[in-house]
Each structure stands twice: as C-alpha cells, then as structure tokens.
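[1] pasted the sequence and its predicted model underneath.
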Amino acid sequence: MIKDIIHDHLIECLDKLGISRDKEFTVEIPNNTDHGDYSTNCAMILAKENKKAPKTLAESLIKELKKKKDYKKVEMAGPGFINFTLSPAFFQRTFREIREAGADFGIQDFGKGEKVLLEFVSANPTGPLNIVSARAAAFGDTIYRVMKRVGYLPSREFYVNDAGNQVDILAESLELRLRELHGDNIGEFPYEAYHGEYVVHLAQKLNASEGVRVFMMTEKDRMEHLKEFALNELLEMQRASLERFDVSFEGWVSEKTLRAEGVVEEVLSYLTEADCTYEKDDAIWFASTKYGDDKDRVLMKSDGSITYFVPDLAYHLTKIQRGFDTLIDIFGPDHHGYVPRIKAAFKAMGYDDGILEIIFLQQVNLFESGERVKMSKRAGKIVTMDDLINVVGKDSARYFFIARKASAHLNFDLELAMQQNNENPVYYCQYAHARICSIIKKAKKDKMWPKSFKSELAAKLNKTEELAIIQKLSDLPELLTLISIHREPHRLATYIEELAAMIHKYYARYQIVSAKSKDLTHARLMLLETTKQVMAIVFELMGISAPEKM
RNA sequence: GCGCCAGUAGCUCAGCAGGAUAGAGCAGCAGCCUUCUAAGCUGCGGGUCAGGGGUUCGAAUCCCUUCUGGCGUGCCA
C-alpha cells in the first residue's frame, strides 16, 4: 500500500514534467537501510526512452518529489536510484489505515472473482496418507486460503481413484488377509499386493462384522464387496487425517462416478473426432505427439480396459465444463512425465492448455538423528501423515511444509520439528504472538488498557523499530497478491518470521506498559494490538494456531 | 541416451522475477533475567552464490555449456 502511494506520486511527477513512461518501473524496499525506506529504479528504467542520463532524470524528479510533505528525504544514489525516507507521519497514517481494516486487513479484489480449481492430494484410496500428501495438503490449502483473501473464487478438490487396477489389487490383498485370518495357507504374500499393516486391520474389522458370510458370496460379488468396504474405510481414514490437519475440500470427485456418468466415452469421442486416435496392437492410442508429447499414449489397453489417463482427462474436462477459469494441479515429484500428454489432450479437444497449470512438489525426506528415514510403500514401511501429526503436532508440520518453496526438496528434521524451543521457528513466531497477548494482559491488569484508543496517539510512534514494524505490517496486502500470483506460500513463513523477530527485539528494547507516560503506553499498545491482529491473520492463512500463551 | 527439478555460510533455507556492500535461523564463541514470558535479546566469526562463457549501466537471478544430485522416461496410477 505504501509502495502504491509512492508509485502514484512518481507517476504524477513524471506526467507533470512531461517525461514519457512506457516501461514499467518498480518501487522496492532496499535491503540496505542506508538507502532509505523505499527506492525506485524509475530514472534508470526511463532514461533510454527519454534520451536523458538517468542521473539528470532523477534529479528533476527529486526536485518535484520534494514538494510533497510525505518525505523526510528524497535522494539520488548510485547509478540513478531514487531513495525515499518517509516522514513518520506517513507511517502513522498508514498505521491508522491498517487498524481500521482490522481483521479484514489484506482482503482485496485482486483476483476479480476468477474461478480457480485447486486439485491436490488426490492420493489413491489404497492406504493411509503419507508425508508427501501431507505436504501437498498444507501447500494447496494455504494457496487456497491466500487466493480467497485476495479475491479469487478458489475451490479445493480431491480426485478419488476408486476404480481401476490399483483398487482391484487392494481388494485382492484384503481377501488374502481375510483368508489368512481363517487359517488358510496363502503362501508367500504377492509382491504387487499391498503389504501394509492396515490391510490386516481392515480384514480384522470386516471379519468381526461379517465373519464367514464373505466367503459365501460368489467370487465376483465378494470382490465387489471387499472393494467397496476397503474404499469406504480408507477414504474415511484419509478424510480424518486431513481434517486433523485442518484441510477440507469443497469436492471429492470419484473416478467411479465419472465413469458411470459417461464422461469417459465423451472424452474418447472428442479425441476420435479430433482425429487423434488410432488402433495398434489391439490397443487404442492417442496421437499425443501431434501436440508436442514425445510419444503416443495408450487410451484403451489390449484387454479392453482403459488407462488411468482417460478418466483423469475426463475429470479435467468436467473442471472446464463447470466453468473454472484456471485449473491448478498440485502433483508429486513423480508425475512430471505426465504433463505433455494431458496438455496435448487439452489442445486436441480444442481447449487452451494455458488454463491448466501444474505445480510440482518435490519429495520429502525425513531425517531422524541425522539419518535419513527409509520408507518403502511396497513393503508397507511408510511414515504416515497421522504419524507425523502425532509426533510433531499439526502446527509444526504445517509450518515446515509451507516454509519451503514447492520446487525444493524438503528435508524434514523430525527432532527439530518436535522440539519446543528456540531451534524451532514455529515456536519463535508463535511466541511473539503469545508475548503480545501477555503484555496486553499485563496492561489490563495495571488498568492501562483504555476503553478505546485515540487514534491520534499514533503520532507517538516514532522510534525506528516502531516505524519498521508499521512498514512490515503494510507489506502484507502486496505480499498476499504476490503469493497468489506466483503460488508461493512459503513467503508467508518468511514474513511471519521477520515480523516475529521485530516484535522480540522491540520487546527486549522498550518497556511497553509504563506508568510514566500513559499516552506513550497507549500508543505502543495500539501498535502491539494491531501487530497481533496481523499475525493472527497470517497464522490463519497458514492454518497454524495463534496461541495466547505458551 | 533423452526430459523435468535442484545446487547460495558447517547444517536447514530465504533472496521481493535484473538492482546498490548476498541475508536469516541453527550449530560455534562471548555477554544479558529483583523489570510486561530467557521458547527471548546483544555482539563475534563464517561465502569462488557448483565450474566456465555470454547478454548489459548492473547477474545468485536471464541465455548457453560442463559437473553433481533427485525424479521421470509402462498397455502402473
């Protein structure tokens, strides 16, 4: 918001001076505080088109800008930067605006109601959710929350692969475990089957309620029955894990339902109409190389069943049909080979593949005592999302997942995340919030908390630390738009850590509640109350609690 | 082989999409609690931004190339 005001000032002055401004320039916060509170590259960017030296341009601009009361200092530096030092009054005015916004601070119409579908997790319903799903859940949900705040109309969906090969194997695995319970010798448990302990538990549960009745059914009925039972149980298990993680979905889209609704046939006919299919080796192929893929893909296998690709494509088709403007898929690291074919299919069906955006989350490596925790899905040795929440807690887990950008491998140190001390950034941030609450409590106890604050007391806030906090608070709206544009929720973590550090330093340096000056106490309490509000907003966006005390 | 992603301090990572002297936390060392929470604060040391070339006023950031690591390259999902 401050940046926008400075930007507007610059435009006003440029126009007044008759300087053309076709190229975009930026207003930034310099990383060196000697360069002022804000700086712009305006003169350097516009020098060429105005056929003037950057420094000359800067000087005339500075002359004009100095007429405004908002700046304490406007200086030229380096090759033509213009550095601004704001008057305290500018900050104080900003501060009052943030206070007025209250809990709505950061809410904008930047997204202009654009409908965005976020698909994430979408794990196979063949086992408990793992930590990669947990990362996807934290990431996708945070993007959702931020987008919503800046004016998009986002929606979260979980695509359930409740049909196809994997589910058949699940049912077969369950049957084997059931027979095992009944004392049958099943020999060696098949390699492809699901080895996880949870399948045994499912068998026990089913056995307890139905016993031998299961074996009286025909083979076909029994497999259907086992499938349905296992899917229901596992889906419910996954849903419960996500709920513990404070992640919910607007939609759970079932592959089985899609197939029943005939969308799959619809997709096949579209591709055929587009003259992109052919038959070879008893299979039906999609000529995806026509649209940039490096090899053609099978749609229908020689045994007559369709590949995973087709219903998934059908699902994406429904997303478009339901009127979403932007489709964001959040995938695990092992799916990037999948992109060219799905984009090719979009083009083949006559849709702009630009509306489909795919974000890849890199893998998660767990570390314990400096050792990598080895996991094997096949052998049923995985650390589940529930395990993780049990061990490190929801706040810590979400924080660590959000704090890394998507493209980075995530080395998750279990011990660090478990620690409730200064080594853990989550607590560092939450502690800042709790501290503020504690000071407020103290003020109330000392009768230093007024019924209402006089906003003009903001003028008392003129310490470097105080102005810096206000500046940081004012960064939030722009930060949220940037996060939504670039889909980079990790910046929330950076932001909250910086803000927390400022609060801890401020606390250490200044007495807030003091009998000496009531007005100053009130001014500082206002600052802390507003900071607390902003921190709470950020925690909420991250899905992390904002504790009153620790 | 080909494709995608990554490589920044001892470790984990930022670096605001091209800006000024590359930052933070942890680890290490030295200090700070009769005062609103020491889960904190203050100070010190620590770098060939993997290597090389290019683009320009200016590169950790963009392009090319080499090296290293991860993943992908199924009629699996």
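    That came in fine, so what should we check first? Residues are numbered from 1 along each chain as shown, chains lettered A, B, ... in the order given.
[2] A:Asp334: how many residues sit nearby?
    Neighbour count of A:Asp334, defined by other CB atoms under 10 Å: 10. The C-beta positions use only the backbone N, C-alpha and C, and glycine is treated the same way.
[3] and what of A:Phe189?
    By the criterion of other CB under 10 Å, A:Phe189 has 15 neighbours.
[4] run through the residues that contact it.
    When contacts are counted by CB atoms under 8 Å, 6 or more residues apart in numbering, A:Phe189 touches A:176, A:195.
[5] could you look up the SS state of it?
    coil (DSSP: H, G, I helix; E, B strand; the rest coil).
[6] repeat for A:Phe453
    Assignment for A:Phe453 (three-state DSSP): coil.
[7] which of the helices or strands spans the nearest residue to it once chain neighbours are set aside?
    Excluding its sequence neighbours, the residue lying closest to A:Phe453 (CB to CB, 6 or more residues apart in numbering) is A:Met526, at 4.9 Å. Element membership of A:Met526, judged by DSSP states H and E, is helix A:518-542.
[8] from the contact counts, what lies against that helix?
    With contacts defined as 3 or more CB pairs under 8 Å, 6 or more residues apart in numbering; DSSP states H and E, helix A:518-542 has these neighbours: helix A:88-101, helix A:131-149, helix A:394-402, helix A:425-445, helix A:464-486, helix A:490-509.
[9] who wins for proximity to A:Ala274 among those helices?
    Nearest to A:Ala274, of all the helices and strands packed on helix A:518-542, is helix A:131-149, at 31.5 Å by CB to CB.
[10] pop out the phi and psi values for the residue of chain A most remote from its centre.
    Largest separation from the mean C-alpha position in chain A: A:Met216, at 48.8 Å (CA atoms, centre = their mean). Here is the backbone geometry of A:Met216 (degrees, to the nearest 10): phi -90, psi -10.
[11] same question for A:Lys67.
    phi -70, psi -20.
[12] what residues does the helix or strand harbouring A:Lys319 touch?
    A:Lys319 belongs to helix A:309-321 when assigned by DSSP H and E. For helix A:309-321, the external contacting residues (CB under 8 Å, 6+ apart) are A:117, A:119, A:159, A:163-164, A:253, A:255, A:258-259, A:263-264, A:266-268, A:270, A:286, A:297-300, A:327, A:341-342, A:345-346, A:349, A:351, A:355-356.
[13] now do stretch A:511-521
    In contact with stretch A:511-521 (CB under 8 Å, 6+ apart) are residues A:439, A:442-443, A:446, A:448, A:457, A:460, A:524-525, A:528.
[14] quick one: is it near RNA strand B?
    Yes - Stretch A:511-521 is in contact with RNA strand B by CB under 7 Å from any atom of the strand, via A:511-513.
[15] go on, stretch A:305-321?
    Yes - legend: contact between stretch A:305-321 and RNA strand B by CB under 7 Å from any atom of the strand is shown at A:307-309.
[16] near RNA strand B, which residues of the stretch 301-450 of chain A are found?
    When proximity is defined as CB under 7 Å from any atom of the strand, the stretch 301-450 of chain A approaches RNA strand B at A:301-303, A:307-309, A:333-338, A:360, A:362-363, A:403-405, A:407-411, A:413, A:420-423, A:425, A:427-428, A:431, A:434-435, A:437-439, A:441-442.
[17] among those residues, which ones are buried?
    Buried subset of those (neighbour count, 16 or more other CB atoms under 10 Å): A:307, A:309, A:338, A:362, A:403-405, A:410, A:413, A:425, A:427-428, A:431, A:434-435, A:437, A:439.
[18] which is the next helix or strand following the helix holding A:Lys319?
    strand A:326-331.
[19] kindly export the next helix or strand after that next one (C-alpha atoms) in CSV.
    Next helix or strand after strand A:326-331 toward the C-terminus (DSSP H and E): helix A:339-348. What follows is helix A:339-348, C-alpha atoms only, in CSV (Å, rounded to 0.1, in the frame of the first residue of the first chain):
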residue,chain,number,x,y,z
VAL,A,339,2.2,-33.2,-18.3
PRO,A,340,2.9,-33.3,-22.0
ARG,A,341,0.2,-35.8,-22.7
ILE,A,342,-2.5,-34.1,-20.7
LYS,A,343,-1.6,-30.7,-22.2
ALA,A,344,-1.7,-32.4,-25.6
ALA,A,345,-5.2,-33.7,-24.9
PHE,A,346,-6.4,-30.3,-24.0
LYS,A,347,-5.1,-29.0,-27.3
ALA,A,348,-6.6,-31.9,-29.2
